[in-house]
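Trainee: make a model of this:
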Amino acid sequence: MTRQFTRNGLQRQALKWGHEFSELLYPLAKKTLPYRPRMWWIPRLPIWVHRRRMPHTRPWTAPVPDPAETLRTVPGIALLPERQQEAFDEVPLHDFIRLHPDMRSENSPTGHMWASLLSTSPRVQGAARKRARANRSPGATGAPAPISPDELTRRMKLEAARLGLAAVGVTAYDIKYNYAEYHGLGVGDTIIVGIIEQNFASTQMSPSLRAEKAALSAYAGLEDRMRLLAEWIRAQGYAARPEGFVGESMVIPYAVQAGLGQLGLNGQLLTPHAGSRCRIHVMSTDAPLVHDEPVDYGLEGVCNECQACVRRCPAGAIPAVRKESRGVVKAKLNTKRCLPVMGKTAGCSVCMKVCPVQRFGLPAVLEEYDRSGQILGKDTDDLEGFDWPLDGRHYGPGERPRLGPEVFETPGFVFDPERKVPLDWVEEPGEALGY
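Mentor: Now for the predicted structure:
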């Protein structure tokens with residue numbers, strides 16, 4: 001297997017020097033730039049300047065073969081509905097930033113990502129502002145057409161493809177996936193899940209500023225396209241309200257329920273065509289669309305056989321075994337280890353980069369498994385190798401950087417994984433349910 005997307009020794013040193021320069025300027029940046037710098041008004045450079053990081057605006061149409069019987073598990077993800085409801089009744093979900101308000105402060109563990117935000121914020125925030133303005137009037141702008149739900153759904157998906165979304169799915173609204181701070185803001189009982197594909201070549205250079213800028217650029221493209229899809233739905237005679245890329249809900253459970261993928265061991269949605277190399281957005285609507293169903297693509301089985309992300313995670317934050325959490329059987333990430341490393345290494349994303357489904361697509365992975373019983377690319381430097389920005393070294397299979405305590409510490413920020421209620425949350429009667 002030939003190696004691609006690699007750096008030479010000088011380029012790796014440049015990666016390290018870039019990181020050190022960003023760290024040198026960080027004390028100044030955190031004093032002058034808030035958590036979400038308001039830079040939407042800055043003139044944007046032409047798209048072609050950023051072509052290396054722009055998302056792919058092509059719909060996924062290639063068929064996905066059925067997985068081998070040994071890779072099958074359950075459609076979507078294993079759920080324990082009674083335990084899900086009990087967990088929600090005990091403690092509704094809350095916005096992570098509301099649980100940890102210091103995320104917006106100068107001591108945020110993600111503040112080190114200021115360099116990637118600097119050049120992408122104008123486009124991301126500009127798209128978000130347009131979506132927020134459109135959401136002030138989320139109601140219908142036309143009269144409903146006399147067509148069946150099947151035909152309306154077909155036309156909606158064709159429009160999504162025309163706009164450049166990789167895939168869309170439809171499922172039911174579930175208050176258990178909606179953060180308590182935003183209950184009652186939706187405009188219907190149906191959720192449309194939209195996905196855009198993140199730039200392929202840039203993602204293979206993770207961890208790096210280029211890869212992180214590709215992720216943020218994908219969010220900007222997704223905001224624009226979901227806003228335009230919402231306008232189309234309103235013109236068909238129905239209300240539609242996109243939530244935005246920061247999110248008012250847990251988007252991955254909705255995507256799984258809409259049949260767009262399955263939950264990987266890395267805690268991300270694995271789609272058949274791009275793994276987790278994609279960004280997700282949801283909108284609520286009252287349009288009578290036909291709901292999709294969860295699918296067993298064999299992705300959980302591939303994860304069980306592969307576990308590259310478990311072995312390669314620099315922070316050691318990914319467990320190899322799934323356990324029940326709030327009624328969902330999954331590998332629960334160690335956020336206390338993951339978050340600071342992600343913030344200090346341009347988004348990290350090693351777990352995304354080393355996933356064979358991200359790199360080769362599920363059809364190729366299934367074909368290789370059927371042929372040899374092996375996971376395509378597993379234990380090869382072509383897939384699992386990465387360059388580490390903190391020291392400028394390349395780490396191949398079986399190697400991981402040694403991270404000292406200073407990497408995991410963020411002075412001034414207190415992360416409490418057991419915190420269930422926001423520090424500034426004062427609940428009035430009925431407030432938790434959005435009444």
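
Trainee: how about the residue most central in space within the chain: what's its closest non-neighbour residue?
Mentor: Geometric centre of the chain, nearest residue: residue 279, 4.8 Å, by Cα atoms, centre = their mean. Spatial nearest neighbour of residue 279, excluding adjacent residues (Cβ to Cβ, 6 or more residues apart in numbering): residue 218 at 4.4 Å. Backbone N, C-alpha and C define where each C-beta goes, glycine included.

Trainee: tell me the pLDDT of that neighbour.
Mentor: Predicted confidence (pLDDT) at residue 218: the value is 95.

Trainee: tell me which residues touch it, please.
Mentor: Neighbouring residues of residue 218 by Cβ atoms under 8 Å, 6 or more residues apart in numbering: 55, 196-199, 278-279.

Trainee: the helix or strand that it is a member of: which residues count as buried?
Mentor: Per DSSP states H and E: residue 218 is located in helix 209-235. Neighbour counts over helix 209-235 (16 or more other Cβ atoms under 10 Å) mark 209-230, 233-234 as buried.

Trainee: phi, psi of residue 103?
Mentor: Main-chain dihedrals, residue 103, degrees, to the nearest 10: phi -60, psi -20.

Trainee: distance from the chain centre to the helix holding residue 218, please.
Mentor: 13 Å (Cα atoms, centre = their mean, to the nearest Å).

Trainee: repeat that for stretch 91-109.
Mentor: 18 Å.

Trainee: report the backbone C-alpha coordinates of that stretch in PDB.
Mentor: The C-alpha trace of stretch 91-109 is given here as PDB (Å, rounded to 0.1, in the frame of the first residue of the first chain):
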ATOM      1  CA  VAL A  91     -31.400  14.800  34.800                       C
ATOM      2  CA  PRO A  92     -32.300  16.300  31.400                       C
ATOM      3  CA  LEU A  93     -29.400  17.000  29.000                       C
ATOM      4  CA  HIS A  94     -27.700  20.400  29.300                       C
ATOM      5  CA  ASP A  95     -25.600  22.400  26.900                       C
ATOM      6  CA  PHE A  96     -21.900  21.600  27.600                       C
ATOM      7  CA  ILE A  97     -21.000  25.300  27.500                       C
ATOM      8  CA  ARG A  98     -23.800  26.000  30.000                       C
ATOM      9  CA  LEU A  99     -22.500  23.300  32.300                       C
ATOM     10  CA  HIS A 100     -19.000  24.800  32.000                       C
ATOM     11  CA  PRO A 101     -19.400  28.500  31.400                       C
ATOM     12  CA  ASP A 102     -15.600  28.900  31.600                       C
ATOM     13  CA  MET A 103     -15.600  27.500  28.000                       C
ATOM     14  CA  ARG A 104     -16.400  31.100  27.000                       C
ATOM     15  CA  SER A 105     -13.600  32.600  29.100                       C
ATOM     16  CA  GLU A 106     -10.000  33.400  28.300                       C
ATOM     17  CA  ASN A 107      -9.100  30.200  30.200                       C
ATOM     18  CA  SER A 108     -11.100  27.900  27.900                       C
ATOM     19  CA  PRO A 109      -9.200  24.700  27.100                       C
END
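
Trainee: what average pLDDT does it get?
Mentor: 85.

Trainee: cool, and stretch 113-128?
Mentor: Here the average pLDDT along stretch 113-128 is 83.

Trainee: next, the buried residues of that stretch.
Mentor: 113-128.

Trainee: do the same with stretch 369-383
Mentor: Buried-residue list, stretch 369-383, by 16+ other Cβ under 10 Å: 369, 375-378, 381, 383.

Trainee: kindly report the same for stretch 11-23.
Mentor: 12, 15-16, 18-19, 22.

Trainee: which of those fall in helices?
Mentor: 12, 15-16, 18-19, 22 (DSSP state H).

Trainee: let me see the contact set for residue 164.
Mentor: Counted by Cβ under 8 Å, 6+ apart, residue 164 has contacts 57-59, 196, 221, 225.

Trainee: got CSV for those, with distance to residue 334 and pLDDT too?
Mentor: Output for the contacts of residue 164, formatted as CSV (distance: Cβ to Cβ, whole Å; pLDDT from 0 to 100):
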residue, distance to residue 334, pLDDT
57, 35, 91
58, 35, 92
59, 36, 96
196, 28, 97
221, 31, 93
225, 34, 96
